[in-house]
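[1] How does the following fold in three dimensions:
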Amino acid sequence: MKLWASTVVWALALVLAVTCACSSKSGAAPSPEKPQPAARARPASTGAAVEGTTAAFEAGSAEHGKALVGEFQCNRCHAGTGLAAPKLDQDCVGCHEQIATDKFQASAGKLAKWKPHVMPYRDVPSLGELGARLRPSWVMGYLLHPHDLRPGLAQTMPRLQLTPEQARDIATYLTSSGTPAAPNVAVPTEAVNVAHGKELLSQRGCVGCHQITGAGLAGPPKNDPVLRTLGLAPDLRFARQRSEPGVLVRWLLDPAKLKHDAAMPKLGLSEADARDLAAFLSFGELEAPPPRARFERLPVLTRHVGFDEVNEQVFAVTCRHCHTNPDLADGDGGPGNTGGFGFKPRKIDFSSYQGIQSGGVDAKGERVSLFAPTSEGLPRLVAALVARAREDAGQESDEVRGMPLGLPPLSGEQIQLVESWVAQGRPL
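    So this is what the prediction gives:
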């Protein structure tokens, strides 16, 4: 088993378990910031702004989309891609599952140490039979601008380096599987049906699994390890964007007819109730979601911050999972070093002080520093951590991709620690 996929996989899970939403320390004024570079708010197709259906979709090349699914290694996390399952050393979810079930080849002591940290990161949705359920236009938009679709999961879809054309072709391929459910089923828009549909969300227990942001209904309990499958339940706020109203009716009547491995149970609804539920999910009035707090950097620390502290608190438990020395990891330094998930090898190595100082390579293969300033004036390493916190609040940067990719942002205190270490000259 390669080192980064075994010894280091627990480190990824560890940082996931301890990271949280970023906030300013109470009573401490943030350090002055230069004006932020223009950040793009996520478009309406992701559900972050205007509600409604997505735009018309012009199909791309399904054949090219399948090739891209392989290039971006979607099968490392998802079943249902149409590709063979990866070997365990590149099977992110499978590795976590083996650790969680004591099947991973490691000592009992290591398994006991890793297990608590991987437990929340064992579930991702299958991509099979998407064409029976989802609008291709929504899939394309989600690939380009991922958002927190499943609030019960700690991880989110990572923001990959996809062009609109690539996202279109992948969406075309993924939605080519599955038999479309009759989208022409009539769904009433009358207020009485919409109101009854909202009542049914509570009466039939939908809110026991699903959050429905803006509906004014209590959602499911959070972070309940007993209710593992709840993590896959999407926020139903986005149902109107993801699926046609008639498809929602068919899904509510019998999910397994649209997706053979559906976690959603058959509820025994009458067709009339299914139509009313679909009416609310498609047309019911929803309040705007509460705005997320803008990320504010904490002031640089005045006390001494050495490498050992930063390494223990951040680098060894976050960055090293994807950026490590391939000579120490059986030839695979992770996606951020030797490449993966569609990213070219950047040779960024967080396994040692010397490796971090050596930087990485750019698209031209030229060596670049991790501490070179961005247009905002932040060292690039710090900027990547800040960018992830901003992405979590709905702002994307064209210049810097947020890190850790697809995982919760680091806490304000963790970012403060890294920035302080850099500001102090990166002492040992």
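[2] Distance check, the most centrally placed residue in the chain against L405.
    Note on the chain: the residue nearest the mean C-alpha position is T156, at 1.4 Å, using Cα atoms, centre = their mean. T156 sits at a distance of 10 Å from L405 (criterion: Cβ to Cβ, to the nearest Å). Using the backbone N, CA and C atoms, a C-beta is placed for each residue, glycine as well.
[3] Show me the shaky parts of the stretch 51-200 of the chain.
    In the predicted model of the stretch 51-200 of the chain, residues 51-55, 181-183 satisfy pLDDT under 70.
[4] Let me see the ranges of the helices in it.
    62-71, 92-100, 108-118, 136-144, 164-174, 191-203 (DSSP state H, counting those that start in this stretch).
[5] Same list (those) but as JSON lines, adding distance to V422 and mean neighbour count.
    Below are the helices of the stretch 51-200 of the chain laid out as JSON lines (distance: least, Cβ to Cβ, whole Å; neighbours: other Cβ atoms under 10 Å):
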{"stretch": "helix 62-71", "distance to V422": "34", "mean neighbour count": "17"}
{"stretch": "helix 92-100", "distance to V422": "30", "mean neighbour count": "21"}
{"stretch": "helix 108-118", "distance to V422": "27", "mean neighbour count": "16"}
{"stretch": "helix 136-144", "distance to V422": "31", "mean neighbour count": "23"}
{"stretch": "helix 164-174", "distance to V422": "34", "mean neighbour count": "23"}
{"stretch": "helix 191-203", "distance to V422": "49", "mean neighbour count": "17"}
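[6] Those helices: which one's closest to E312?
    helix 108-118 (15.4 Å; Cβ to Cβ).
[7] got the angle for the closest one vs helix 92-100?
    Angle of helix 108-118 versus helix 92-100, following axes from the mean of the first three to the mean of the last three Cα atoms, to 10 degrees, is 130 degrees.
[8] Which strands or helices does helix 108-118 pack on?
    Secondary-structure packing of helix 108-118 (3 or more Cβ pairs under 8 Å, 6 or more residues apart in numbering; DSSP states H and E): helix 9-18, helix 92-100.
[9] Report the distance from it to the chain centre.
    Distance of helix 108-118 from its chain centroid, counting by Cα atoms, centre = their mean, to the nearest Å, is 24 Å.
[10] And stretch 278-288, by the same measure?
    For stretch 278-288, the distance to the chain centre is 25 Å (Cα atoms, centre = their mean).
[11] swap in stretch 123-140?
    15 Å.
[12] gap between the nearest residue to C74 once chain neighbours are set aside and S61?
    Once flanking residues are discounted, C74 sits nearest to T81: 5.0 Å by Cβ to Cβ, 6 or more residues apart in numbering. Distance, T81 to S61, using Cβ to Cβ: 16 Å.
[13] With neighbour numbers in mind, choose between the two.
    It is T81, of T81 and S61, that has more neighbours when counted by other Cβ atoms under 10 Å, with 22 against 15.
[14] which residues does the residue in the chain sticking out farthest from the centre contact?
    Going by Cα atoms, centre = their mean, the residue of the chain most distant from its centre is V192, 37.0 Å out. Listed by Cβ atoms under 8 Å, 6 or more residues apart in numbering, V192 has no contact partners.
[15] now do 10 Å
    276, 279 (Cβ atoms under 10 Å, 6 or more residues apart in numbering).
[16] how close does it get to A278?
    For V192 relative to A278 (Cβ to Cβ), the value is 15 Å.
[17] From L281, how far off is Q241?
    Noted for Q241: a distance of 10 Å to L281, by Cβ to Cβ.
[18] Strands of this protein, start to end?
    Using DSSP state E, the strands of the chain run over 40-41, 360-361, 367-368, 395-396.
[19] Out of the ones you listed, flag the one nearest L200.
    strand 40-41 (33.4 Å).
[20] Rounded mean pLDDT for that closest one, please.
    Confidence over strand 40-41 (mean pLDDT, whole number) is 54.
[21] Could you do stretch 377-387 as well?
    The average of the pLDDT scores along stretch 377-387 is 96.
[22] what does stretch 394-406 give?
    89.
[23] what does stretch 292-311 give?
    Average pLDDT, stretch 292-311: 94.
[24] Could you shift the numbering so residue one becomes 31, and keep it that way?
    Got it, first residue is 31 now, which makes that one stretch 322-341.
[25] ok so, going back, ok, now how distant is the residue nearest to the centre of the chain from V330?
    In terms of Cβ to Cβ, T186 sits 29 Å off from V330.
[26] try E101
    Separation of E101 from V330 (Cβ to Cβ): 40 Å.
[27] cool, and A115?
    According to Cβ to Cβ, A115 stands 46 Å off from V330.
[28] And the two? Which one has more around it.
    Each of A115 and V330 has its neighbours counted (other Cβ under 10 Å); V330 has more, 15 against 12.
[29] Surely P457 is in contact with R333?
    No. Between P457 and R333 there is no contact, the gap being 11.9 Å when judged by Cβ atoms under 10 Å.
[30] so who does V391 touch?
    374-378, 397-398.
[31] Run through the bridge partners of it.
    Under DSSP bridges, the beta-bridge partners of V391 are R397.
[32] Which pLDDT value belongs to it?
    V391 is assigned a predicted lDDT (pLDDT) of 91.
[33] Then V256?
    50.
[34] out of P457 and R333, which sits in the busier spot?
    Counted by other Cβ under 10 Å, P457 and R333 do not tie: P457 has more neighbours, with 12 against 6.
[35] Quick check on that one: phi, psi?
    P457 has phi and psi values of phi -70, psi 150 when expressed as degrees, to the nearest 10.
[36] From P365, how far off is K374?
    In terms of Cβ to Cβ, K374 sits 10 Å off from P365.
[37] With neighbour numbers in mind, choose between the two.
    For K374 and P365, the more surrounded residue by other Cβ under 10 Å is P365, and the numbers stand at 24 against 14.
[38] Would you confirm that that one contacts M433?
    No. The pair P365 / M433 is not scored as a contact, 11.3 Å apart, by Cβ under 10 Å.
[39] Overlap in contacts, those two.
    Joint contacts of P365 and M433 (Cβ under 10 Å, 6+ apart) are 352-353.
[40] got the contact list for E127?
    E127 neighbours (Cβ under 10 Å, 6+ apart): 121, 133-134, 148, 151-153.
[41] what does T332 give?
    Here T332 is in contact with 450, 454 (Cβ under 10 Å, 6+ apart).
[42] ok, it to A453 distance?
    From T332 to A453 the distance is 10 Å (Cβ to Cβ).
[43] now V430
    For V430 relative to A453 (Cβ to Cβ), the value is 18 Å.
[44] Neighbour count: the two, which is higher?
    Legend: neighbour count by other Cβ under 10 Å for V430 and A453, higher for V430 (22 against 14).
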